[in-house]
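Participant: Predicted coordinates and the sequence they were generated for:
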Amino acid sequence: MKTTRELAMGRVTSGYRYLSDEADPNCRHVVEVEWKIRVPRTVIKQDLLYTLGSAISIFSPSRNNAVARLEHVFAHGTDPGALGVARGPARIKEETTSQDLVDEPELLPNVAELAHDQIITRIGEEFSGHGFAHLVTELLRAEGFDADEAPPGADGGIDITAGRGLLGLESPKLIVQVKTGQVGSEVVAQLNGLVVTQGADFGLLATWAGLSKPARDAVKHQRFRVKVWDSKDIVDGVLRNYERLPEAITSRLPLHRVWMLRDDT
């Protein structure tokens, strides 16, 4: 999904049908799909993301235990990796020809998207746990906030407080919660309550693995009080402020800028 950088997962519920009365000839060949879940690209490891970048619409992935891993993502929301799940019995019929099996990445990969995925993978590896909260703190400081980071341990639901001005007491004043796992609606409710009790202007929810559907719905109802930074926002913030981040961050996330022609030139 281009707008949210999520992967939509579902199951095919019908055989092939041809819609002869469809105005768009490109939309006449269909199978029905019941879409079940959406997962952020951050939960999928790099090798499987590369496989899923096939240039064709319908294909059968077979490398790196792809099918079993996708089933695991479907059931649990996490990618266990190529060695993390046992291989199941082969489901490919004997009459299937080699031409029916396509497990190659896109022929002309999107270099920007590939680089973005690599940066996401590196951040996920280098800034797990409390390290992720520290990265968010430094991003807020780079954006001009005076930010205080709570030490590891019980924090009462407040990971970071931030505000403008010399003492950090000017608006906008933020209460920040940082979560590496997927966020549920109860976290949104807690953050909303903390904004009120702490006298803050807004709540910021920084989440690496995204929001559950109930949490997304809760955020929509609190759109003027609670904002969300997902993995895309974190990466965008890193790229936007990279030169202003401390060496302790950049040494763990070494990047360099590359200019290239756009695909539409």
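Facilitator: Good, I have the coordinates. Numbers count the residues shown, from 1 in each chain.
Participant: List the buried residues in the longest strand belonging to the chain.
Facilitator: As assigned by DSSP state E, the longest strand anywhere in the chain is strand 170-179. For strand 170-179, a neighbour-count test (16 or more other Cβ atoms under 10 Å) marks 173-179 as buried. All C-beta atoms are positioned from the backbone trio N, CA, C, and that covers glycine.
Participant: cool, and stretch 253-265?
Facilitator: So for stretch 253-265, counting by 16+ other Cβ under 10 Å, buried means residue 253.
Participant: Report the rounded mean pLDDT for that stretch.
Facilitator: Mean pLDDT, stretch 253-265: 80.
Participant: for stretch 159-168, same thing?
Facilitator: Stretch 159-168 comes out at a mean pLDDT of 92.
Participant: ditto for stretch 76-90
Facilitator: On average, stretch 76-90 scores 70.
Participant: what packs against the longest strand of the chain?
Facilitator: helix 130-142, strand 160-164, helix 185-197, strand 202-207 (3 or more Cβ pairs under 8 Å, 6 or more residues apart in numbering; DSSP states H and E).
Participant: tell me the most buried of those?
Facilitator: strand 202-207 (a mean of 23; mean count of other Cβ atoms under 10 Å).
Participant: partners of that strand, with directions?
Facilitator: Using DSSP bridges, strand 202-207 pairs in its sheet with strand 170-179 (parallel), strand 226-229 (parallel).
Participant: Rounded mean pLDDT for the shortest one, please.
Facilitator: Meaning strand 226-229. 95.
Participant: what are the C-alpha coordinates of it, in PDB please?
Facilitator: The C-alpha coordinates for strand 226-229 follow below in PDB (Å, rounded to 0.1, in the frame of the first residue of the first chain):
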ATOM      1  CA  VAL A 226      -3.000  12.600  19.600                       C
ATOM      2  CA  LYS A 227      -0.600  12.300  16.700                       C
ATOM      3  CA  VAL A 228       1.300   9.200  15.500                       C
ATOM      4  CA  TRP A 229       4.800   8.700  14.300                       C
END
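Participant: List of residues touching it?
Facilitator: 136, 188, 191-192, 195, 202-207, 211, 219, 237 (Cβ atoms under 8 Å, 6 or more residues apart in numbering).
Participant: among the residues you listed, which two are most distant?
Facilitator: Farthest pair in the contacts of strand 226-229 (Cβ to Cβ) is 192 and 237. Separation: 22.8 Å.
Participant: can you pull the contacts of residue 208?
Facilitator: 40, 42, 124, 132, 179-181, 230-231, 234.
Participant: mind running it again at 7 Å?
Facilitator: The contact partners of residue 208, by Cβ atoms under 7 Å, 6 or more residues apart in numbering, come to 42, 124, 132, 180, 231.
Participant: quick one: which of those residues has the most company?
Facilitator: Most neighbours among those, by other Cβ atoms under 10 Å: residue 42, with 25 neighbours.
Participant: right, and the secondary structure at that one would be what?
Facilitator: Following DSSP: H, G, I helix; E, B strand; the rest coil, we place residue 42 in the helix state.
Participant: residues touching it, list them.
Facilitator: Residue 42 sits in contact with 120, 124, 208-209, 231, where contact means Cβ under 7 Å, 6+ apart.
Participant: Quickly note the distance from the closest residue to it other than its chain neighbours to residue 6.
Facilitator: Distance criterion Cβ to Cβ, 6 or more residues apart in numbering; nearest residue to residue 42, sequence neighbours excluded, is residue 231 at 4.6 Å. Distance, residue 231 to residue 6, using Cβ to Cβ, to the nearest Å: 10 Å.
Participant: For the two, list the residues in contact with both.
Facilitator: Common neighbours of residue 231 and residue 6 (Cβ under 7 Å, 6+ apart) are residue 40.
Participant: Help me confirm that residue 82 comes into contact with residue 64.
Facilitator: Yes - using Cβ atoms under 7 Å, residue 82 makes contact with residue 64 at a distance of 4.1 Å.
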